[in-house]
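# 3D, please:
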Amino acid sequence: MTAATRERLARLAPSRWPVLIEAASAVLMARVLLDHRPYKWCDTLFESWTEKLRRKEAPAEGEWERVVWAIRAVGRRTLGDRPCLPEALAGRLMLQRRGYEANLTIGVRKDEKGALLAHAWLESGQHIVLGGGESPARFKKLVAVGPEEAGRGNAAPTS
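Residues are numbered from 1 along each chain as shown. From the prediction side, this is the model:
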């Protein structure tokens, strides 16, 4: 950890620590599991955790933004050059357990040499919340999973 990162953490508001710790746990768990298990196995496990950990109370004001911030912050510092799928899995877990709609999408495309590239992103309502807003335009949707198919969950605010 760099000195600048330690300094930023020291200045972090106490209200952000719980969501940051939860994001670190979820992102790193997703990365480790995806390194050792097939995606479908990991997705099923995360979905079962979502149901078991779902909160009964409504999300607090600004909670959606804090979750996305925490996932991005942890991902930037820990995932290297393959952040999209672990971030999307962790983000879906954290948002859905708070009652937000969160749909993980995996898309594919070919690069200029013809090699197949894959990318994952997370949508809430009509908004891309993790994985880049240009993802649907650049990648052909291969699979989408989340509560939208079941008609449950609330879309993230559009602030």
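
# which one in this structure is furthest away from the centre?
Lys113 (29.4 Å; CA atoms, centre = their mean).

# dump stretch 116-127 to PDB, restricted to CA.
The C-alpha coordinates for stretch 116-127 follow below in PDB (Å, rounded to 0.1, in the frame of the first residue of the first chain):
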ATOM      1  CA  LEU A 116     -12.500 -13.100 -28.600                       C
ATOM      2  CA  LEU A 117     -12.800 -10.700 -25.700                       C
ATOM      3  CA  ALA A 118     -15.200 -10.900 -22.900                       C
ATOM      4  CA  HIS A 119     -16.400  -8.200 -20.500                       C
ATOM      5  CA  ALA A 120     -18.900  -8.000 -17.600                       C
ATOM      6  CA  TRP A 121     -20.800  -5.000 -16.400                       C
ATOM      7  CA  LEU A 122     -23.500  -4.200 -13.900                       C
ATOM      8  CA  GLU A 123     -26.800  -2.500 -14.700                       C
ATOM      9  CA  SER A 124     -29.400  -1.000 -12.400                       C
ATOM     10  CA  GLY A 125     -32.500   0.100 -14.200                       C
ATOM     11  CA  GLN A 126     -31.300   1.600 -17.500                       C
ATOM     12  CA  HIS A 127     -27.900   2.700 -16.000                       C
END
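
# which SS state does Ile128 fall under?
strand (DSSP: H, G, I helix; E, B strand; the rest coil).

# that's a strand at the residue farthest from the centre of the chain, yeah?
No - in this structure, Lys113 is coil, not part of a strand, as judged by three-state DSSP.

# same for the strand or helix carrying Glu51, what does it pack against?
If you go by DSSP states H and E, Glu51 is part of helix 39-53. Packing partners of helix 39-53 (3 or more CB pairs under 8 Å, 6 or more residues apart in numbering; DSSP states H and E): helix 17-36, helix 84-97. For glycine as for every other residue, the C-beta is placed from the backbone atoms N, C-alpha and C.
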